[in-house]
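Student: fold the following, please.
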Amino acid sequence: MVDRSNVERRRKRMRLVASGVPALLGTLLVLFGSGQAEGGDKKGHELRGTLVYNPPPSIPDVRPPHDIETHIALMKTTLGYHEELNRRFDLAIPPASFAKLFQIARVGESKVIAVKLIWADRQQGAALVDALMEMHCKKMAAERLKILQEASKNVAQKLEAANKAYDEAVAARDKFLGKHKVIGDPKEMLAATTRRLAGVEETRDKLKAELQVVTLEIAKLKEALAALKAQPDQKAEPEDPQFKQRKREAELAVFAAREDLAAKQARLKAKEAKLPATRKNAADGIIEIRVLKALEEEIADLQREVKATEAVLKIRQQQLNELRPGNAKRNELLSQLSTRQIQQEVVRQQLLSHDEQCKRLSERATELQRLLKDAAPLLARVEQTAQARKQLLQRLTDLLVRLGDVGEVRIASRALPGGAADERKK
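Tutor: Predicted structure coming up:
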């Protein structure tokens, strides 16, 4: 009696064997039956192509490029390449067996990967090698491109968030500084104020030295005049030409001083008339506080100029009153004295102006230092978000640049017939 189970098992084994025959025959035909090498050799031709490994620089937060050994392993083990080769070239070689036909290795310690294949049909073998290299290059480039695009998208989102954080930090800083009537960067304002204070102090020191010199000269001129006054005046005609010339010059100087004083007083009056409305507008927030400060400083400067001009007019008037005919030396000393006294008054007023400027600038610097201390957290936040935004923008720029060059490996040389395998061995 026949055992039906044994019969079925035998039939299954026969079907499995039969199904493997085409693949086996395809392999055998490729290896031994697709042609003969020159000289009658049946092993086939050795076809060789090369890839050069030239990875792009690493970028933070992005998977680094594969190393050269990984590329070699991928070419050996990615069976999808060999499935595609079967499809393109109408072959029926099992992918795992097909992969073993290719010899893929690094050339010494170089960055070159050699891809070799022994194939009966020289033209087809070269095309197989080239196709394998092309597929790997394109696949790696596509993977790298996708990674960079995803990284660019992520960085762009982070940059958008960083821009928002920066805008919020700036708004918070400006709101705080606005309450203290400060517009702009207080650090820069403090630096500018400190530089200006140093310049004003330097000029003030020069004015002090000049004032000392002029005061000493005035004392000497007064001593000389006192000595001349002790001597009797020489008799001279009132129509003395030299006396008349000096008197005319002194009268013109008095007239000019009066005109100068009147002009400055008018300017001062006009500026003072604007002060009440300017103060009200500044208090109501219609204008910036610095506009009011500038007007107050301008008024203070004009007040000093008016005072100095009043002193000049007094000196000129005194010189005119003390002119005497017949005493040329005394008149000359009076002229010199009035010139030095005017210079002294001008320097004194300039010195007062610089003293007030130094005081204002020093107070402003102290105020800004205190403000900087109070605003330190807000300023630090602005600086931190600005730096983060700058770094993200640079990273995004780097990524966008890399999108145009995503190849890690490139074909260096395509496969060419290099002679039969046995001829190479000889």
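
Student: can you give me the strands for the stretch 101-250 of the chain?
Tutor: Using DSSP state E, counting those that start in this stretch, the strands of the stretch 101-250 of the chain run over 102-106, 112-119.

Student: other SSEs contacting the first one?
Tutor: Under the contact criterion of 3 or more C-beta pairs under 8 Å, 6 or more residues apart in numbering; DSSP states H and E, the helices and strands touching strand 102-106 comprise helix 68-77, strand 112-119. Using the backbone N, CA and C atoms, a C-beta is placed for each residue, glycine as well.

Student: still on that earlier bit, most packed of the strands of the stretch 101-250 of the chain?
Tutor: Most buried of those by mean neighbour count (mean count of other C-beta atoms under 10 Å) is strand 112-119; its value is a mean of 20.

Student: Val312 is nearest to which of the helices and strands packed on strand 102-106?
Tutor: Val312 sits nearest to helix 68-77 of all the helices and strands packed on strand 102-106, at 90.2 Å, using C-beta to C-beta.

Student: what angle do the closest one and strand 112-119 make?
Tutor: Between helix 68-77 and strand 112-119, the angle comes out at 20 degrees (axes from the mean of the first three to the mean of the last three C-alpha atoms, to 10 degrees).

Student: rebuild the strands of the stretch 101-250 of the chain as a markdown table, extending it with mean pLDDT.
Tutor: Converted to a markdown table, these look like this (pLDDT from 0 to 100):
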| stretch | mean pLDDT |
| --- | --- |
| strand 102-106 | 96 |
| strand 112-119 | 96 |
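
Student: generate CSV for those strands, with distance to Pro325 as supplementary columns.
Tutor: Output for the strands of the stretch 101-250 of the chain, formatted as CSV (distance: least, C-beta to C-beta, whole Å):
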stretch, distance to Pro325
strand 102-106, 116
strand 112-119, 113
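
Student: and Leu207, which of the helices and strands packed on strand 102-106 is closest to it?
Tutor: helix 68-77 (76.4 Å).

Student: who touches the helix or strand following that closest one?
Tutor: Sequence-wise, the next helix or strand downstream of helix 68-77 (DSSP states H and E) is helix 79-89. The contact list for helix 79-89 (C-beta atoms under 8 Å, 6 or more residues apart in numbering) reads 75, 91-93, 95-96, 98-99, 124, 127-128, 131-132, 135-136.

Student: do that again at 6 Å, thanks
Tutor: Outside helix 79-89, the residues within contact range by C-beta atoms under 6 Å, 6 or more residues apart in numbering are Pro95, Phe98, Ala99, Leu128, Leu132, Met135.

Student: residues of the strand or helix carrying the second one that come out buried?
Tutor: Under the criterion DSSP H and E, the helix or strand holding Phe98 is helix 95-101. Buried positions in helix 95-101, judged by neighbour count with 16 or more other C-beta atoms under 10 Å: Pro95, Phe98, Ala99, Leu101.

Student: same check, this time on stretch 246-265
Tutor: Counting neighbours by 16+ other C-beta under 10 Å, stretch 246-265 gives Arg246, Lys247, Ala250, Ala253, Val254, Ala257, Asp260, Leu261, Lys264 as buried.

Student: about what we covered before: so what does the helix holding Phe98 touch, helix or strand wise?
Tutor: Applying 3 or more C-beta pairs under 6 Å, 6 or more residues apart in numbering; DSSP states H and E, one finds that helix 95-101 makes contact with helix 79-89.

Student: and Ala257, what does it touch?
Tutor: Neighbours of Ala257 in contact, by C-beta under 6 Å, 6+ apart: Val312, Leu313, Arg316.
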